[in-house]
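Visitor: model this:
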Amino acid sequence: MLRKAAGNLFLLGYFIVIILFLAASFTTYVNPAHWWHVGFIGLLFPYLLLVLVVCTVICLFVKVRFAIFGLIALVVSYKNIGSLVALRPAAEFQVSKNREHLRVMTWNVRRFTPYYSDFFDPKNNNLNAIVEEVKRYDPDIICFQEFYTSTKKSRNLDLFQEMGYQYYSFALLRTGNSTSNSGTIILSKYPIIKSYFLDMPKKVSTNAEDPVAADIVIGEDTVRVGTFHMQSYGFMQHDYQDLARIKNQADTGLKASKNIYRKMRYAFELRGIQADIIDEKMSASRYPVMLCGDLNDVPSSYSYVTIRGNRKDAFLEKGSGLGKTFTSGRSSFLTWLPTLRIDYIFVDPGIEVVQFRPVTRQLSDHRGLITDVILPKK
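Guide: Below you'll find the predicted structure:
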């Protein structure tokens, strides 16, 4: 009797997991600007996948006829699963460049604030360490997010120009600060013939940076490169403390949970709007497109599916594993999470991805990404 009740309870839990898993799979097609709840469900997708796989394996030995439902759910969600993990062993990255390849780097450098530091201080920065990494890989095109430079000396920008990046498109963050500039920037060794500044609606641009795109001439080819830094959750130091309270079940008054919940809801809604704007603007290009940046969202999200479209994800093409790109220096909980792949390089189907790797040094809370590609032949 007890065994039968336990079996029935297991099946009930199994079917609940299947329903939640399918719901998380289909959230990628629902715009959180209208249905913000789906953003929370999408974050659970990797963990629901793990639970579903374990339960389905158990079913194969205990209730074999019911395992078919779990297998069907996994097959239906193959695209989401395929976006989550690159099932291949890590390949060696050839640092020396092939002249026939184009090397592209994207990196949220956090205004050159050291990983271990909580607050921005222009006198305490890791600019030189990041420059060392740029020199090591020698990319042809760099997309930086949270790029900082002084308006008086412009030292940071001048430094990269001295390194050969003579052409740039810089979308300044509208902060009202007259002594510094910060925002998304495209730096190129090749000529930029036209720049595009994708202004976001004013209500969308809080804690985000306007995207910028540039048409870059590479030999006889022209490619449109875009970079973005989409709405973050805007967590401050006290929010990370709230996350620790929730994790340790010390949030007895639910105040911390409500604060985190409100900020996450706001970010989900705004990223839905931003994703639609970026997709519309970049899809109108008559040149091959490369989109790089900090999406602040995971592969099981509307933002990822919308901006990627039919493009290739460089990590999935040549990367390995889960590809985590964000590691918080202020929250042990976010440091532990293995599924925070929120930085990406997307390229049009006609562009061949040759190799890919993340920057190995932890200089920002985001990993820099590097890829070599071959542009389509005319």
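
Visitor: which of the residues in stretch 287-296 are buried?
Guide: Pro288, Val289, Met290, Leu291, Cys292, Gly293, Asp294, Leu295, Asn296 (16 or more other CB atoms under 10 Å). For glycine as for every other residue, the C-beta is placed from the backbone atoms N, C-alpha and C.

Visitor: Show me the chain divided up by domain.
Guide: Structural domains annotated on the chain: 2-84, 102-374, as defined by automatic domain parsing.

Visitor: residue contacts, the nearest residue in space to Leu127 that is not next to it in sequence?
Guide: In space, and not counting its chain neighbours, Leu127 is closest to Phe112: 4.5 Å by CB to CB, 6 or more residues apart in numbering. Counting by CB atoms under 8 Å, 6 or more residues apart in numbering, Phe112 touches Asn125, Asn126, Leu127, Ile130, Tyr148, Asn156.

Visitor: Tell me the one among the residues you listed nearest to Asp279.
Guide: Tyr148 (28.0 Å; CB to CB).

Visitor: pretty sure the closest one is in a helix, no?
Guide: No - using DSSP: H, G, I helix; E, B strand; the rest coil, the assignment for Tyr148 is strand, not a helix.

Visitor: in what helix or strand does the closest residue to Tyr165 other than its chain neighbours lie?
Guide: Leaving out its chain neighbours, the residue that sits closest to Tyr165 by CB to CB, 6+ apart is Leu187, at 3.9 Å. Per DSSP states H and E: Leu187 is located in strand 180-188.

Visitor: What are the contacting residues of the helix or strand that that strand is followed by?
Guide: The helix or strand immediately downstream of strand 180-188 is strand 192-197, counting by DSSP H and E. With contact meaning CB under 8 Å, 6+ apart, strand 192-197 is reached by 167-169, 171, 186, 210, 212-217, 222, 226, 281.

Visitor: Please enumerate the strands of the stretch 51-200 of the chain.
Guide: Assigned by DSSP state E, counting those that start in this stretch, the strands in the stretch 51-200 of the chain fall at 102-108, 141-150, 167-172, 180-188, 192-197.

Visitor: So for the second one, what gets flagged as buried?
Guide: Think strand 141-150. Ile141, Ile142, Cys143, Phe144, Gln145, Glu146, Phe147, Tyr148, Thr149.

Visitor: Tell me the strands beside the helix or strand where Ile216 lies, with direction?
Guide: Assigned by DSSP H and E, Ile216 belongs to strand 209-218. Note on strand 209-218: by DSSP bridges, its sheet partners are strand 192-197 (antiparallel), strand 221-229 (antiparallel).

Visitor: The shortest one vs strand 167-172, what angle?
Guide: What it means is strand 192-197. 10 degrees (axes from the mean of the first three to the mean of the last three CA atoms, to 10 degrees).

Visitor: Between strand 180-188 and strand 192-197, find me the angle.
Guide: Using the same axes, to 10 degrees: strand 192-197 against strand 180-188 is 140 degrees.
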